[in-house]
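Engineer: model the following, please.
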Amino acid sequence: MKIYTKSGDKGRTSLATGERVSKADIRLDAYGTADELNSFVGLLRNSLKNSGVSGADKLDKDLCWVQNRLFDLGAVLAGSDMEFKAENVGRLEDWIDEMDAELEPLRAFVLPGGNEQVALCHVCRTVARRLERLMVAMGGECDGDVKICFVNRLSDYCFVLSRFVGKEMLIKPLIWEK
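Structural biologist: So this is what the prediction gives:
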């Protein structure tokens, strides 16, 4: 089977439902952003494997789970009728709480950076925030949409992960100076 179909050469593509839409449709922007985030999470996983961070194996396993949930989310955003489970949000919250318990209280805004791994956590965080904005623009609300809650929490997870990784690697946080 060939990878190219030429069916999108005129600026239209098919959703999971079979509906043909413009490639400028916000749904494609949303699931394309989920795919972009997934790619950055993959890059983060690879970077962490070679970083010497203690607990890198657990983080790799957790981030692999995140990648699979982002594929689920992309499928749902593309029109699949598969269920996106509410317990996905709780799992992220548990991981956030575990890492946060090992961190000093946050007393200032931090700038993205410090080293490659910390910066990649922030890239994942900001792409997750863009995905969240796109999903809200599609008409979702966090109170009733577990998918938006998941992406919101994923951004929080990436922020806490940036601090956790920085701590593990003895990277001093970059503090915003007013």
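
Engineer: all strands in this protein, in order from the N-terminus.
Structural biologist: 12-14, 20-22, 110-111, 174-175 (DSSP state E).

Engineer: okay, the ones you listed in TSV with mean pLDDT and distance to Thr33 next?
Structural biologist: Just so you know, the C-beta spots here come from the backbone N, C-alpha and C atoms, and that holds for glycine as well. Shown next, in TSV, are these (pLDDT from 0 to 100; distance: least, Cβ to Cβ, whole Å):
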stretch	mean pLDDT	distance to Thr33
strand 12-14	72	15
strand 20-22	76	16
strand 110-111	92	23
strand 174-175	88	26
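
Engineer: can I get the ones you listed in a markdown table with distance to Leu63 and mean neighbour count?
Structural biologist: As requested, these are exported to a markdown table (distance: least, Cβ to Cβ, whole Å; neighbours: other Cβ atoms under 10 Å):
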| stretch | distance to Leu63 | mean neighbour count |
| --- | --- | --- |
| strand 12-14 | 29 | 14 |
| strand 20-22 | 31 | 14 |
| strand 110-111 | 21 | 15 |
| strand 174-175 | 23 | 13 |
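
Engineer: now Asp29: closest residue in space that isn't a chain neighbour?
Structural biologist: The shortest distance from Asp29 to any non-neighbouring residue, by Cβ to Cβ, 6 or more residues apart in numbering, is to Leu134 (5.6 Å).

Engineer: ok now do that neighbour, which residues does it touch?
Structural biologist: 26, 29-30, 33 (Cβ atoms under 8 Å, 6 or more residues apart in numbering).

Engineer: in this structure, where is pLDDT below threshold?
Structural biologist: Residues of the chain meeting the criterion pLDDT under 70: 13, 140-144.

Engineer: could you report the neighbour count for the nearest residue to Ser47 once chain neighbours are set aside?
Structural biologist: The shortest distance from Ser47 to any non-neighbouring residue, by Cβ to Cβ, 6+ apart, is to Gln117 (5.1 Å). Gln117 sits with 23 neighbouring residues when counted by other Cβ atoms under 10 Å.

Engineer: swap in Thr17?
Structural biologist: Using other Cβ under 10 Å, Thr17 has 11 neighbouring residues.

Engineer: still on that earlier bit, export the strands of the chain to a markdown table and tack on distance to Ala101?
Structural biologist: Output for these, formatted as a markdown table (distance: least, Cβ to Cβ, whole Å):
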| stretch | distance to Ala101 |
| --- | --- |
| strand 12-14 | 45 |
| strand 20-22 | 45 |
| strand 110-111 | 18 |
| strand 174-175 | 22 |
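
Engineer: out of those, which is closest to Asp94?
Structural biologist: In terms of Cβ to Cβ, the element of the strands of the chain nearest to Asp94 is strand 110-111, at 22.9 Å.

Engineer: how about the helices of this structure, start to end?
Structural biologist: With helices called from DSSP state H, the chain shows them at 26-49, 56-77, 87-100, 116-137, 146-168.

Engineer: all good on my end, thank you.
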